[in-house]
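Enquirer: Prediction below, plus the sequence it came from.
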Amino acid sequence: MTQSRESGNRLARTFPTARPAGCPFDPPAPFAEAREECPVTPLQYPDGHVGRLVTGLQSARAVLGDTRFSSLPAGKRSPVKVPGSELSTDALPAGMFVNMDPPDHTRYRRLLSKHFTIRRVRELRPRIQEMTDRLLDEMEGKGGPVDLVEAFAKPLPTLVTSELLGLPEEDRAQFGHHVDVLFSLSSSGEEMQQSMVLLGGMLHALIDAARKDPGQDILGRLTVETDLTDEELLGITIVLLIAGLETTTNMLALGTYALLRHPEQLAALRADWSLMDDAVEELLRYLSVVQIGPIRVAAEDFAFEGQSIRKGEVVTVSLPAANRDPSAFEDPDVFDIRRGTSRHLAFGSGPHQCMGHHLARLELSIGYESLLRRFPGLELAVPVDEVGTREMMVTYGVLGLPVRW
Amino acid sequence: MRIEIDKDVCCGAGTCVLVAPGVFDQDDEDGTVILLDATPGAEQREAVEEAAERCPTAVIRIV
């Protein structure tokens, strides 16, 4: 677990990943200890580099909103070794705007933002409801117990994203499979490499098809309305996949698990569905599934909140820690769907704040409500100690969630 | 209350539209903020303050 060592005269923690025993929804305990010392503390990275860890909400917001903390890949490193964290970033396609700073980042983001405005997202509601209902029909047809991750939490965001990108129905299963391999804990390096190549081929074919016969989907619109190159479109598509799939899947499954583990909260929600939007915000705050990063690199020497930041220092923000900051939330470790605040950082902050947050909120709200309404007797089909969690992954969640009804 | 916005740094997150829909809107072309009402009434103050606080790139200023 957490070791510490003297770095100069300061104590540098390593990044904790172990969740407290029996509390799968609580962040690793050392985050709270770090935050009590200071919202920004020294952090030791696996290669010995000593940078910073940010655990306070206001400091997290300040770091993420300050472009002196750069998003460029140079010098960036993960605070823990996780699948994919050692893949080289040298060969990233153009257009991966998550690894850019303004103004380059701004150019890409503005080309895409129009597809994720509140107005556009609200237009998607009937279609998302339809896809949700179809998945629930299939699940009900199969009968319990089923793994909610495979039957519902994974396919829903995959269907929504496929549709946004204009992926033909017949390719969706294969697409889902490759994405699965890339995000799975158990995939070998060889399997990941192979799926990356095959997925790249599918995406190239998709971009070709959009150029020849542009539809109303995002890729189709981008080929008509912008002068983005194929390589840029590929980068953008990859960003949309990475950002939109794993996060939503894990929120759907872990969120359902959290509700099942808090029966009094679930009962309150079932008694009053108008609490749904507040419940989504509280689940986003309480679960904060993006558990490693955002990560930034100081682009210059400067003073930040009274500390001297040196150029090249790697700064890791812990969103789960920030969202349990007692100076921002009363009784932060209590899960309360009536809390009624959306001032959390589950989607990050600053210019890189999740562009798809309106879409994510809509998918979650439709997903949870439709699932719970369809199965009034939804319950875990295994003892809680058999529900495994994703501790060594960028996105936290459950490995599987066997349920019956 | 008068509102000023710095559209140059807007990232089009649309949080302001969510929080104070009568005061802010989003441009259909690039998602950036449109200020519908630069001098909203006092009844909007709380919502506008929240929009300013939650704006990820600090676009909104109340003067």
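Expert: Received it, and whenever you're ready, just let me know what you need. Remember, it's a predicted structure, so these values are computed and weren't measured experimentally.
Enquirer: Now do the contacts for the residue of chain B found nearest chain A.
Expert: Nearest residue of chain B to chain A, counting by CB to the nearest CB: B:Gly31, 2.7 Å away. Yep, even glycine has a C-beta here, placed from its N, CA and C like the rest. By CB atoms under 8 Å, 6 or more residues apart in numbering or on different chains, the contact set of B:Gly31 is A:Arg110, A:Leu112, A:Ser113, A:Lys114, A:Phe116, A:Thr117, B:Gly12, B:Gly14.
Enquirer: Same question for A:Arg285.
Expert: A:Asn323, A:Phe329, A:Arg339, A:Thr341, A:His344, A:Ala346.
Enquirer: related to what we said a few turns ago, out of the contacts of B:Gly31, who's nearest B:Ile3?
Expert: B:Ile3 lies nearest to B:Gly14 out of the contacts of B:Gly31, by CB to CB, at 16.3 Å.
Enquirer: Could you report the distance from the closest one to A:Leu378?
Expert: 33 Å (CB to CB, to the nearest Å).
Enquirer: okay but A:Thr389 is in contact with A:Thr395, surely?
Expert: No. Assessed by CB atoms under 8 Å, A:Thr389 is found out of contact with A:Thr395, at 11.2 Å.
Enquirer: Tell me which of these two has more neighbours.
Expert: Neighbours per residue (other CB atoms under 10 Å in any protein chain shown) separate A:Thr389 from A:Thr395, with A:Thr395 holding more: 20 against 15.
Enquirer: Am I right that the more buried one is in contact with A:Asn250?
Expert: Yes. The criterion here is CB under 8 Å, and A:Thr395 meets it with A:Asn250 at 5.0 Å.
Enquirer: Only the buried residues of the longest helix along chain B, if you could.
Expert: Identified as the longest helix of chain B according to DSSP state H is helix B:45-54. Buried residues in helix B:45-54, counted by 16 or more other CB atoms under 10 Å in any protein chain shown: B:Ala47, B:Val48, B:Glu50, B:Ala51, B:Ala52, B:Arg54.
Enquirer: Please flag which of the contacts of B:Gly31 sit within helices.
Expert: In helices, judged by DSSP H, the following of these are found: A:Arg110, A:Leu112, A:Ser113.
Enquirer: what ranges do the strands span in the stretch 201-350 of chain A?
Expert: Taking DSSP state E, counting those that start in this stretch as the criterion, the stretch 201-350 of chain A carries its strands at A:295-298, A:302-304, A:307-309, A:314-317.
Enquirer: what distance separates the start and the end of stretch A:31-44?
Expert: 14 Å (CA to CA, to the nearest Å).
Enquirer: make that stretch A:46-59, sorry
Expert: 24 Å.
Enquirer: Give me the contact list for it.
Expert: By CB under 8 Å, 6+ apart, stretch A:46-59 touches A:7, A:12-15, A:31-32, A:34-35, A:39-45, A:60, A:63, A:77-81, A:305, A:307, A:309, A:313-318, A:321-323, A:325, A:327-329, A:345.
Enquirer: thinking again about what came up before, and the ones in helices among the contacts of B:Gly31 near chain B, which?
Expert: The residues of these that also fall near chain B, by CB under 8 Å from any CB of the partner chain, are A:Arg110, A:Leu112, A:Ser113.
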